[in-house]
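Asker: A predicted structure for the sequence below; I have some questions about it.
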Amino acid sequence: MQYIFKGLYSKQIYFVLSLAFLIYGCNSKDRSEQTSEQAAPKLVKSPEFNADSAFNFVKKQVEFGPRVPNSAPHKVCGDYLISTLKKYGWQVIEQPFKDTTFDGTILNARNIIGSFNPAAAKRILLTAHWDSRPFSDQDSLVKNKPVIAANDGASGVGILLEVARTLSLQASKPDIGVDIIFFDAEDWGTTEQTTEMLHSGFCLGSQYWAANKHIPNYTAYFGINLDMVGAKGATFLKEGNSVQMAEDVVREVWATASRIGYNNYFIDERGGAITDDHVPVNQIARIPMIDIIHTKNNLTHTFFDQWHTTDDTMEHIDPKTLKAVGQTLIQVLYQEAEGVAL
Ligand code: AHN
Ligand code: ZN
């Protein structure tokens with residue numbers, strides 16, 4: 001009697017349980033379909049970007065003095081960039097070149113190229129200019145002194161050195177090739193933008209590299225240039241040339257920044273079109289490339305307040321801004337390595 005009852009009882013339990021599984025199964029299927037259709041993909045895990053270390057890389061460059069082409073600090077800083085990349089296990093190629101500026105100065109310049117995973121087929125190109133402007137023409141008082149260029153130069157380079165260090169620290173390397181180019185002679189351009197000269201004398205290093213790539217058939221999946229990426233409270237509007245030439249890359253970078261909490265820096269708004277090192281890379285080397293550059297939605301003051309003045313110093317550099325940009329780059333690299341772009 002007891003046995004029969006037990007049998008009957010367990011059959012009822014089986015019935016209830018299978019009904020529950022059936023309902024649960026249907027529900028969970030619905031839920032997974034909803035996830036793949038509506039929500040963003042799972043966030044790829046990426047290593048921490050160390051903003052204090054990046055800040056020290058910016059400071060180190062500034063301490064050499066203004067890195068004006070043909071000067072001693074320029075030579076010493078270039079050597080430092082090369083030895084630092086090598087120290088982190090990156091393969092380095094130096095690309096020396098001569099060029100003549102709008103004011104007739106003959107420059108002995110060099111682009112510095114570092115490669116991570118040099119054999120990988122899928123590659124991301126990251127760039128920043130490492131030279132300092134020879135005059136502070138936007139300064140209200142002292143216009144003939146070089147720019148110290150903490151933000152307009154050293155900030156982008158500092159972030160990329162920290163990216164290089166971060167990748168070198170990883171026990172298991174991300175499955176992607178990364179090339180860093182430090183472009184020289186970006187900032188020896190004219191004050192007036194009226195000249196016929198290509199890019200008004202700006203971007204000499206990137207023009208040279210785009211026409212003479214360090215590896216003749218070199219290409220990259222896409223590129224990102226950094227310029228003026230260290231000021232406190234920086235705003236990165238979607239730069240006009242980037243949107244026009246590489247809209248998908250803009251979308252991915254801004255979406256990634258927003259996803260990891262940096263939409264107060266990466267503003268979902270279109271900015272003006274800037275002539276910068278990404279333009280020759282797009283137009284001559286035919287690599288889709290964007291510019292992350294601090295601009296304001298204000299016609300009187302396009303760039304950060306100390307732009308091309310003697311006040312572009314470490315005082316205005318904020319590790320929080322370096323973190324927002326650096327962590328976004330690391331996240332983009334790891335997403336691309338996993339093949340899950342946002
Ligand atoms: C123009 O002013 C047209 N382009 C800015 C390029 C630049 C100067 N980037 C840094 N310094
Ligand atoms: Zn500049």
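Answerer: Done, it's in. Ligands and ions are numbered 1, 2, ... in the order given.
Asker: Give me the distance between Gly233 and Phe304.
Answerer: As judged by CB to CB, to the nearest Å, Gly233 and Phe304 stand 9 Å apart. From N, CA and C alone the C-beta is placed, and that goes for glycine too.
Asker: the more surrounded of these two?
Answerer: The neighbour count for Gly233 versus Phe304, taken as other CB atoms under 10 Å, is higher for Phe304 (24 against 12).
Asker: Could you tell me how far the more buried one is located from Asp152?
Answerer: From Phe304 to Asp152 the distance is 8 Å (CB to CB).
Asker: shared neighbours, the two?
Answerer: Met228 (CB atoms under 8 Å, 6 or more residues apart in numbering).
Asker: Can you give me the pLDDT of whatever residue of the stretch 201-342 of the chain ends up closest to ligand 1?
Answerer: With CB to the nearest ligand atom, the shortest gap between the stretch 201-342 of the chain and ligand 1 falls at Thr275, namely 4.2 Å. Thr275 carries a pLDDT value of 95.
Asker: Leaving out chain neighbours, which residue sits closest to it?
Answerer: Counting by CB to CB, 6 or more residues apart in numbering, Thr275 lies nearest to His199, which is 5.0 Å off, once chain neighbours are set aside.
Asker: can I assume that neighbour is in contact with Gly189?
Answerer: Yes - contact criterion CB atoms under 8 Å: His199 and Gly189 qualify, at 7.0 Å.
Asker: Could you check which of these two is surrounded by more residues?
Answerer: For His199 versus Gly189, neighbours defined as other CB under 10 Å are more numerous around Gly189 (22 against 19).
Asker: so how far is ligand 1 from the more buried one?
Answerer: Distance from Gly189 to ligand 1, counting by CB to the nearest ligand atom, to the nearest Å: 7 Å.
Asker: helix or strand for that residue, which one?
Answerer: Counting by DSSP states H and E, no helix or strand carries Gly189.
Asker: And it, how far from ligand 2?
Answerer: To ligand 2, Gly189 is 8 Å away according to CB to the ion, to the nearest Å.
Asker: residue contacts, that residue?
Answerer: Gly189 neighbours (CB under 8 Å, 6+ apart): 102, 199-203.
Asker: phi, psi of the residue in the stretch 201-342 of the chain that ligand 2 sits nearest to?
Answerer: Closest approach between the stretch 201-342 of the chain and ligand 2, counting by CB to the ion: His308, at 5.7 Å. Torsion angles at His308 (phi, psi; degrees, to the nearest 10) stand at phi 60, psi 30.
Asker: For it, which non-adjacent residue is closest in space?
Answerer: Gln138 (3.8 Å).
Asker: Around the one you found, how many other residues sit close by?
Answerer: By other CB under 10 Å, the residues close to Gln138 number 19.
Asker: and it, helix, strand or coil?
Answerer: Classification of Gln138 using DSSP: H, G, I helix; E, B strand; the rest coil returns coil.
Asker: Kindly report the same for the one 3 residues further on.
Answerer: Secondary structure for Leu141, judged by three-state DSSP, is coil.
Asker: For it, what are phi and psi?
Answerer: phi -110, psi -70.
Asker: Chain neighbours aside, what residue packs nearest to it?
Answerer: Thr310 (7.9 Å).
Asker: From Pro146, how far out is that neighbour?
Answerer: For Thr310, the distance to Pro146 - CB to CB - is 9 Å.
Asker: Same question for Glu186.
Answerer: Counting by CB to CB, the gap from Glu186 to Pro146 is 14 Å.
Asker: Pick out whichever of the two has more residues nearby.
Answerer: For the pair Glu186 and Pro146, the greater number of neighbours falls to Glu186 (28 against 19), based on other CB under 10 Å.
Asker: isn't the more buried one right up against Gly201?
Answerer: No - between Glu186 and Gly201 there is no contact under CB under 8 Å: 10.1 Å.
Asker: Name the residues of the host helix or strand of Cys77 that are buried.
Answerer: Using DSSP H and E, Cys77 maps to helix 72-87. Buried residues in helix 72-87, counted by 16 or more other CB atoms under 10 Å: 73-74, 77-78, 80-82, 84-85.
Asker: Ligand 2: which of those is nearest?
Answerer: Using CB to the ion, the buried residues of helix 72-87 come closest to ligand 2 at His74, 15.1 Å.
Asker: check contacts around that closest one.
Answerer: His74 touches 67-68, 131-132, counting by CB under 8 Å, 6+ apart.
Asker: picking up where we left off before, output the contacting helices and strands for the helix or strand following the helix holding Cys77.
Answerer: Downstream of helix 72-87, the next assigned helix or strand under DSSP H and E is strand 91-100. Judged by 3 or more CB pairs under 8 Å, 6 or more residues apart in numbering; DSSP states H and E, strand 91-100 is in contact with helix 72-87, strand 106-116, helix 204-211.
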